[in-house]
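J.: For reference, the sequence and a predicted model appear below.
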Amino acid sequence: MKYSIVAQGLLIPFLGTALGSACVFVMKKQMNHRLQKMLTGFASGVMVAAAIWSLIIPALEQSEHMGKLAALPAIIGFCLGMMFLLLLDTITPHIHLNNTTEGPKTSLQKTTMMVLAVVLHNIPEGMAVGVIYAGWISGQASISAAAALTLAIGIAIQNFPEGAIISMPLRSNGVSKGKAFLYGVGSGIVEPIAGLITILLSSLVIPILPYLLGFAAGAMIYVVVEELIPEMSEGEHSNLATILFMCGFSLMLFLDVTLG
């Protein structure tokens, strides 16, 4: 029973990517600008709330025995997570929901680079889900199945536009809808794999769980600050995106309190 719950939780973020990739079947070449802003704002709010309540707070609770230094593991992990994503952004292109990457590349080259960038960014997100499920499996009192599920749902919501920004540009470059969809889906398959590997290494994970929870939170906040917030605040409909940020944050807070 417990392992079936974990399997479902690991697959939920992947489902978000798959649904986003499926936009290639129902939308034109590009996602509606207003819808893009709404999704970006909502995903930002969801990710910030998930990082705080599903990762940072459990990390602090895991370190309560350290007294006044209880925040140290979470802080160290958080900073390492931010720096890890910064390193990834240094060696790979930035992800942008408006289908552009940095540098004088052709449209197809940009899309290929975006696929690589999304794949690499999905690894720590998969690890985040794996870490919290590993903590739940081990019987950590501060981590519930509902909290793990809430985090998985939050990441799935954030993955929806990521799936779309891969499949739709590929379609506009002449790739068939079916192949474009499969490329988008393939970019998300690394998440359940990374989560499963993290759980299988739980004997190594549990002793440093507060650091890893902080690391996952840092990685998620980096994506929000570096990628999602700039996208939601530029150009038209930024106020709408801000309202959806509020809605996403409030929804995750509600889910965490009511389910956790």
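T.: Looks like it came in fine.
J.: going forward, measure contacts between C-alpha atoms and count neighbours the same way
T.: Noted.
J.: could you point out where the stretch 1-150 of the chain is predicted with low confidence?
T.: 1, 28-32, 92-117, 121, 141-142 (pLDDT under 70).
J.: Can you name the helix or strand that the closest residue to Cys23 other than its chain neighbours falls in?
T.: Ranked by C-alpha to C-alpha, 6 or more residues apart in numbering and with sequence neighbours excluded, the top spatial neighbour of Cys23 is Ala164, at 6.0 Å. For Ala164, the enclosing helix or strand under DSSP states H and E is helix 145-172.
J.: residues contacting the residue nearest to Cys23?
T.: The contact partners of Ala164, taken as C-alpha atoms under 8 Å, 6 or more residues apart in numbering, are Thr17, Gly20, Ser21, Ala22, Cys23, Val24, Met31, Gly184.
J.: which residue packs closest to the spatially most central residue of the chain, ignoring adjacent ones?
T.: Geometric centre of the chain, nearest residue: Ile155, 4.1 Å, by C-alpha atoms, centre = their mean. Of all residues not flanking Ile155 in the chain, Pro13 sits nearest, at 5.6 Å (C-alpha to C-alpha, 6+ apart).
J.: dump the residue contacts of the residue nearest to the centre of the chain.
T.: Ile155 sits in contact with Pro13, Gly16, Val46, Met47, Glu125, where contact means C-alpha under 8 Å, 6+ apart.
J.: ok, now how distant is it from Asp89?
T.: Distance from Ile155 to Asp89, counting by C-alpha to C-alpha, to the nearest Å: 19 Å.
J.: likewise Leu251?
T.: Counting by C-alpha to C-alpha - Leu251 and Asp89 are separated by 29 Å.
J.: tally of neighbours for Pro73?
T.: Pro73 is flanked by 23 other residues according to other C-alpha atoms under 10 Å.
J.: For the strand or helix carrying it, list every residue counted as buried.
T.: Using DSSP H and E, the element containing Pro73 is helix 72-91. Using 16 or more other C-alpha atoms under 10 Å as the test for burial, helix 72-91 gives 72-86, 89.
J.: could you say what helices and strands that helix packs with?
T.: Packing partners of helix 72-91 (3 or more C-alpha pairs under 8 Å, 6 or more residues apart in numbering; DSSP states H and E): helix 57-62, helix 107-137, helix 209-223.
J.: Select, out of those helices, the one closest to Ala180.
T.: Ala180 lies closest, by C-alpha to C-alpha, to one member of these: helix 107-137, at 10.8 Å.
J.: Just the CA trace of stretch 126-141, in CSV.
T.: Provided in CSV are the C-alpha atoms of stretch 126-141 (Å, rounded to 0.1, in the frame of the first residue of the first chain):
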residue,chain,number,x,y,z
GLY,A,126,12.4,14.7,-9.0
MET,A,127,14.9,14.4,-6.2
ALA,A,128,12.7,16.8,-4.1
VAL,A,129,9.7,14.5,-4.4
GLY,A,130,12.0,11.4,-3.7
VAL,A,131,13.5,13.1,-0.6
ILE,A,132,10.2,13.8,1.0
TYR,A,133,8.7,10.4,0.2
ALA,A,134,11.9,8.8,1.6
GLY,A,135,11.4,10.7,4.8
TRP,A,136,7.7,9.5,5.0
ILE,A,137,8.7,5.9,4.3
SER,A,138,11.2,6.0,7.1
GLY,A,139,8.6,7.1,9.5
GLN,A,140,9.7,10.7,10.1
ALA,A,141,7.0,12.3,12.2
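J.: buried stuff in it?
T.: So stretch 126-141, judged by 16+ other C-alpha under 10 Å, has buried residues 126-137, 140.
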